[in-house]
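Structure for the following, please:
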Amino acid sequence: MNIYLFGSTTLSGKAFINFNKNKFDKIYPFSRRKSVSKYYIDLKSPESFSLVDNQHYVIVSFVPIWDLSDFLKYILDFNKDKLKNLKGIYACSSTSAQTKRFESNLFDKNLSIKLLDSENKLIKIAEELGISCHIIRPTLIYGSIDNYKDKNISKILKIMRTLRIIMIPDTSGLRQPIHANQLVEVIYYLLKKSYEENKTNRNIISVGGDIILNYKDMIEKLKSSLYENDKAKNCLILIIPNRLFF
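Numbering: from 1, shown residues only. Modelled structure (predicted):
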């Protein structure tokens, strides 16, 4: 089965390419950066999408799910012929779709609504096409592969290396960080299972890593994993009451 990979220049995209070498007929890494891939696509300009050949294919996506759902809806409405050989969609969303639903601030609530709307749109598209759709909701993705870094832990480390003190609330939600390699193993499992069983399934799966911990514990664990000469080692973690923090 050929794979059209969207988000090939993300950390997860790079991990997917590394993990899936020689496991499928062909992986086509699409990107809007022409310097890194000959398979060009700009999801916000759906007319830029061209099929590689007339073979069956699935889409594996690590781009924002709202960009993917809008893109596929446009293709479905205006150029459906490009989807005639599409056999499945494997798209990354976020556990924020569920966990942010009841947050007090408007930004988090709107994020949840945006994610849920996009997920529902993808499933409806899959239903209309009669194909499988697997939506994977990872938690905090982390990792580093070559020059590709995550947008979570790497940013925290950058702050810790710049500031002498960081302040965090004494009570925070739990995290379950998942490494990019673990995430792609989940997707590969779903791909393999769908290929072997030849069934049409549509589902939403929340995934996390091996450890559940709060924000303070996560940062402490991060500090302990660094080399002794790393500047982040000297960053003081200041715990303050939630009311004062907010």
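
what residue ranges in this structure score low on pLDDT?
Residues of the chain that meet the criterion pLDDT under 70 lie in 22-25.

Heading C-terminal from the biggest helix by length in it, find the next helix or strand.
Counting by DSSP state H, the longest helix found in the chain is helix 106-129. Using DSSP states H and E, the next helix or strand after helix 106-129 towards the C-terminus is strand 132-138.

Report the inter-axis angle for that next one versus helix 106-129.
Here strand 132-138 runs at an angle of 160 degrees relative to helix 106-129 (axes from the mean of the first three to the mean of the last three Cα atoms, to 10 degrees).

partners of strand 132-138, with directions?
Applying DSSP bridges, strand 132-138 is found paired with strand 86-92 (parallel), strand 202-207 (parallel).

Residue 108: which of those strands is closest?
Of all the strands paired with strand 132-138, strand 202-207 sits nearest to residue 108, with 17.0 Å by Cβ to Cβ. The C-beta positions use only the backbone N, C-alpha and C, and glycine is treated the same way.

List the buried residues of the closest one.
Using 16 or more other Cβ atoms under 10 Å as the test for burial, strand 202-207 gives 202, 204, 206, 207.

wait, isn't residue 123 in contact with residue 133?
Yes. With contact defined as Cβ atoms under 8 Å, residue 123 counts as touching residue 133 (5.4 Å).

So the two - more neighbours on which side?
Neighbour totals were compared for residue 123 and residue 133, and residue 133 leads with 22 against 17 (other Cβ atoms under 10 Å).

How many residues are close by residue 102?
9.

for residue 63, same thing?
Neighbour count for residue 63, taken as other Cβ under 10 Å: 21.

Contact partners for it?
Going by Cβ atoms under 8 Å, 6 or more residues apart in numbering, residue 63 touches 6, 7, 10, 43.

Now intersect the residues you listed with the helices, please.
Counting by DSSP H, no part of the contacts of residue 63 is found in helices.
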